[in-house]
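> how would this look folded up:
(chains A and B)
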Amino acid sequence: MNALLFNSTLVIYAAATTFYLGYLVKPTDVLGKLGRWCIRIGFLVHCGFTLNRYLEAGHTPITNLHESLSFFSLAVVGIFIVFESRYKSFILGSFVVPLALLILATSAAFSSVIPPLNPALKSKWLAVHTGMAFLGYAAFAISFGVSIMYLIQSHFLKKRKLGPMFQKLPPLDMLDDISYRCLTIGFPLLTFAIISGAIWAETAWGTYWSWDPKETWSLITWFIYAALLHGRLTTGWRGRKAAMLSIFGFFIVIFTFLGVNLLLGGLHSYK
Amino acid sequence: MNIIVVGLSHKTAAVEIREKVAFAPTQMEKPLSAVVALPDITEAVIVSTCNRVEIYATTRDVAGGMARLKRFLADYHGLSLEMLDSHLYSYHGEDATRHVFRVASSLDSMVVGEPQILGQIKTSYGYAAEYKSSGIILNRFLHKAFSVAKRVRTETKIASSAVSVAFAAVELAKKIFGELSDKTVLLIGAGEMCELAAKHFINTGVRGVMVTNRTFERAEKLAQEFDARPIRFENLLDELPKADIILSSTGAPHFIIHEKEVAEVIRRRRMKPMFFIDIAVPRDIDPKVNDVENVYLYTVDDLNGVVATNLEQRKIEAAKAEAIVEQEIGQFFKWLSSLEVTPTIVALRTRFDEIRKAELAKTLSGWKNLPPDAEKKLEALTNAYMNKLLHQPTSVLKRSEQGNRNDLYVDALRNLFDLEAGGAQENMVDLEE
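As a prediction, this is how the structure comes out:
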């Protein structure tokens, strides 16, 4: 059942990605609508998978790389659906949905066996801490996709390449707005994830902060996004520079998540 | 019943002729009632815009009807028909339908895809409806034309791209800012194209307009026209940060806005994007301004390039639109031909007879010990009953064919008894939209 739901999600996301990328090549409403329905159905199936996994395991299914990548992808799709219906722009999907598919496909590369729960994770904090962290990552992922769109659109405008792709991409200010909104969602979530992690660490390991690689890199991520938001509020960092920093920030997020787990090890590296 | 079209347009007549045959929009009652008073003309709609004057009418006598409409156009405006005739075109049947569908879809316009014509035809139809010169056929005909135009608009990109420099500037601004309602436009200098662009921005809806000129009096004068705020030229750099969209066309022989100044301005604007449109020749704005972060500079040549590409695009879209028009002509004719009297009488009789036979069979099947000739008698009774019922409406319908009332009756009958009619149930476009 688990495998069936997971594989169905993968197939439906792949279909959605095909439609959305097709939309990029030939922007017809039919492709956009197909993509939209696929991703919505896929989201429901994905929710079903996550719920089923929760019931089978008996704890929040974000305890290893397979589960957390899947949840990451689910959060990206969920937030994307909200933004897409709000801004009514199919082309957002062309930049965000492939990312969600990529994350889910990576998840498939890791073992999906439900291991006995690591005793250290047996806590009510598990859901809060990991859930918030990945929702925050997902918001940053969308900001990343939208920032790429911003750079492309701004390039078109500067170089006066006003082709069909330019026509389909949303206005610069709208992209900037979406990216900023994502940051205002993602940043508090990341902050709470770090704080809840510290509280949990105190109860589990007896210390709030132990400079574990994950903790260090989370703090670096936090500082990057804090700088981005601060710059925007004070000197008005927006447009191209903000987009580039958001893209950079997301690479750090990926490293904090995957790089630390796979390369650096430490207390957080559940494989 | 036939639909005929007689008229002239920018394609057949110069403006000197067009203005002579134009009808004043405020006084449409007189010409409309004059046209429907013509012999053999039953319904009429007059469309009069600066680019075309056309009469749509229904008649039983195509050749005579056209001749009378032409004569009417000449006489009404006190012109000689010999002079006017060479500029007039006339269509009937399928060609008339195609012509009106194309006009409403803006395929026959001077600038293909321009959006005004549909509204103008709707207004013209509004007069005809108000003065009751249009009836069942033209009502349906024009509503069909509106729905075709709507289909063309939504299914093709015929009107989606700007084909004038002024519109192109507005479209580009929308691609940068999205909504323009909270944006401020600054006009530097004066000039026809610059003012036209400013008008387009105002029509789109911007928050405010500022105007500056080397001579402050001229700025004040222009400001009054646009309901704008005049600014002294010396204060330009102080006011520049307040402007999101800058239209410049001064006669200055050198650049008046430089990269360094704009870099400073954008910093003061906290990096909010700016859109410069340089319409002046020689240019007003240093091209290096485009290199400043979050600043976009377009010259008149850039905008002309945009327009040229869009015009090419429209040609492709127009071909798609023609295909839609052809498709819809067929549908409309199916309905029009259903308005003929004889097939309607046949359909009505068939419908009655079906009911009669069905009820008779039902009665007979449940009836035991039937007297030997009862079945025959019942058959005769129901037949006679049906014929008596149908006699009166049938003869009224046949008589109506001479009196030109038949369309109304036929359409009502087809609706009341749900007789098969081409596309009778299809959606109509609301006139008000």
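
> okay, the nearest residue to B:Leu311 once chain neighbours are set aside: pLDDT?
Nearest residue to B:Leu311, sequence neighbours excluded (Cβ to Cβ, 6 or more residues apart in numbering or on different chains): B:Val163, at 5.5 Å. Every residue, glycine included, has its C-beta placed from N, CA and C. On pLDDT, B:Val163 comes in at 74.

> cool, the one 5 residues further on as well?
Among the per-residue scores, B:Ala168 shows a pLDDT of 88.

> in stretch A:246-260, what counts as buried?
By neighbour count with 16 or more other Cβ atoms under 10 Å in any protein chain shown, stretch A:246-260 contains the buried residues A:Ser246, A:Ile247, A:Gly249, A:Phe250, A:Ile252, A:Val253, A:Ile254, A:Phe255, A:Thr256, A:Phe257, A:Leu258, A:Val260.

> Looking from chain A, tell me which residue of the stretch 251-400 of chain B is nearest.
B:Arg270 (2.5 Å; Cβ to the nearest Cβ).

> next one: phi and psi at the residue lying closest to that residue once chain neighbours are set aside?
Nearest non-adjacent residue to B:Arg270, counting by Cβ to Cβ, 6+ apart: A:Gly236, 2.5 Å away. Phi and psi for A:Gly236, reported as degrees, to the nearest 10, are phi 80, psi 50.

> One more: B:Asp291?
phi -80, psi -10.

> If I follow the layout properly, it ends up in contact with B:His258?
No. Using Cβ atoms under 8 Å, B:Asp291 makes no contact with B:His258, being 11.7 Å away.

> mind listing what A:Leu117 touches?
Residues near A:Leu117 by Cβ atoms under 8 Å, 6 or more residues apart in numbering or on different chains: A:Ala57, A:Gly58, A:His59, A:Thr63.

> mind showing which ranges of the chain have poor pLDDT?
Let's take chain A. Regions of chain A meeting the criterion pLDDT under 70 cover residues A:265-271.

> you looked at the wrong chain, it should be chain B
Across chain B, the ranges flagged by pLDDT under 70 are B:401-405, B:420-433.

> Give me the nearest residue to the spatially most central residue of it, chain neighbours excluded.
Closest to where the C-alpha atoms of chain B average out (Cα atoms, centre = their mean) is B:Leu118, at 1.3 Å. Spatial nearest neighbour of B:Leu118, excluding adjacent residues (Cβ to Cβ, 6+ apart): B:Ala149 at 4.9 Å.

> Report the secondary structure element holding that neighbour.
In this structure, B:Ala149 is located in helix B:136-155 according to DSSP states H and E.

> same check, this time on B:Leu8
strand B:2-9.

> coming back round to it: I figured the residue nearest to B:Leu118 hits B:Ala104, correct?
Yes. With contact defined as Cβ under 8 Å, B:Ala149 counts as touching B:Ala104 (4.2 Å).

> Give me the common contacts of the two.
By Cβ under 8 Å, 6+ apart, B:Ala149 and B:Ala104 have these common neighbours: B:Leu118.

> Measure how buried residue 139 is and give me the count.
Chain wasn't specified; assuming chain A. Residues near A:Ala139, counting by other Cβ atoms under 10 Å in any protein chain shown, number 25.

> that's the wrong chain, I wanted chain B
By other Cβ under 10 Å, 17 other residues sit near B:Asn139.

> ok, it to chain A distance?
32 Å (Cβ to the nearest Cβ, to the nearest Å).

> Now do the contacts for that residue.
Contacts of B:Asn139 (Cβ under 8 Å, 6+ apart): B:Ala129.

> Assign the residue of the stretch 251-400 of chain B closest to chain A to helix, strand or coil.
Counting by DSSP: H, G, I helix; E, B strand; the rest coil, the backbone at B:Arg270 sits in coil.

> just to revisit the earlier point, show me what contacts the residue nearest to the centre of chain B?
Per Cβ under 8 Å, 6+ apart, neighbours of B:Leu118: B:Ala104, B:Ser105, B:Ser106, B:Phe146, B:Ala149.

> hmm, 10 Å instead?
By Cβ atoms under 10 Å, 6 or more residues apart in numbering or on different chains, the contact list for B:Leu118 reads B:Val103, B:Ala104, B:Ser105, B:Ser106, B:Ser109, B:Ala145, B:Phe146, B:Ala149, B:Lys150, B:Val152, B:Arg153, B:Ala159.

> returning to what we had before: of the contacts of A:Leu117, buried ones?
Neighbour-count burial within the contacts of A:Leu117 applies to A:Ala57, A:Thr63; the criterion is 16+ other Cβ under 10 Å.

> out of the contacts of A:Leu117, which are inside helices?
Taking DSSP state H, the ones among the contacts of A:Leu117 that sit in helices are A:Ala57.

> Let me know how buried B:Glu157 is, in neighbour terms.
For the record, residue B:157 is Lys, not Glu. 18.

> Distance-wise, check B:Met110 relative to chain A.
With distances taken as Cβ to the nearest Cβ, B:Met110 is found 24 Å from chain A.

> give me the number of residues near that residue?
The tally of other residues near B:Met110 (other Cβ under 10 Å) stands at 13.

> give me every residue that touches the nearest residue to B:Gln313 once chain neighbours are set aside.
Leaving out its chain neighbours, the residue that sits closest to B:Gln313 by Cβ to Cβ, 6+ apart is B:Ser161, at 5.6 Å. The contact partners of B:Ser161, by Cβ under 10 Å, 6+ apart, come to A:162, A:167, B:113, B:167-168, B:171, B:306-307, B:309-314, B:317.

> what kind of secondary structure is the residue nearest to the centre of chain B in?
Following three-state DSSP, B:Leu118 is assigned to helix.

> thinking again about what came up before, residue contacts, the residue nearest to B:Arg270?
A:Ala242, B:Ile266, B:Arg267, B:Arg268, B:Arg269, B:Arg270, B:Met271, B:Lys272, B:Asn294.

> I'd say the residue nearest to B:Leu118 and B:Ser106 touch.
Yes. B:Ala149 is in contact with B:Ser106 according to Cβ atoms under 10 Å; the separation is 7.2 Å.

> Are there residues contacting both of the two? Which ones?
In terms of Cβ under 10 Å, 6+ apart, B:Ala149 and B:Ser106 are both contacted by the residues B:Pro115, B:Ile117, B:Leu118, B:Ala321.

> ok so, going back, got CSV for the contacts of B:Leu118, with neighbour count too?
Output for the contacts of B:Leu118, formatted as CSV (neighbours: other Cβ atoms under 10 Å in any protein chain shown):
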residue, neighbour count
B:Val103, 26
B:Ala104, 26
B:Ser105, 30
B:Ser106, 23
B:Ser109, 21
B:Ala145, 28
B:Phe146, 22
B:Ala149, 27
B:Lys150, 15
B:Val152, 28
B:Arg153, 18
B:Ala159, 20
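
> got the residues of the stretch 101-250 of chain A near chain B?
A:153-154, A:156-160, A:162-164, A:166-167, A:169-177, A:231-242 (Cβ under 10 Å from any Cβ of the partner chain).

> Sticking with B:Thr42, tell me its helix or strand.
Here B:Thr42 is assigned to strand B:41-48, by DSSP H and E.
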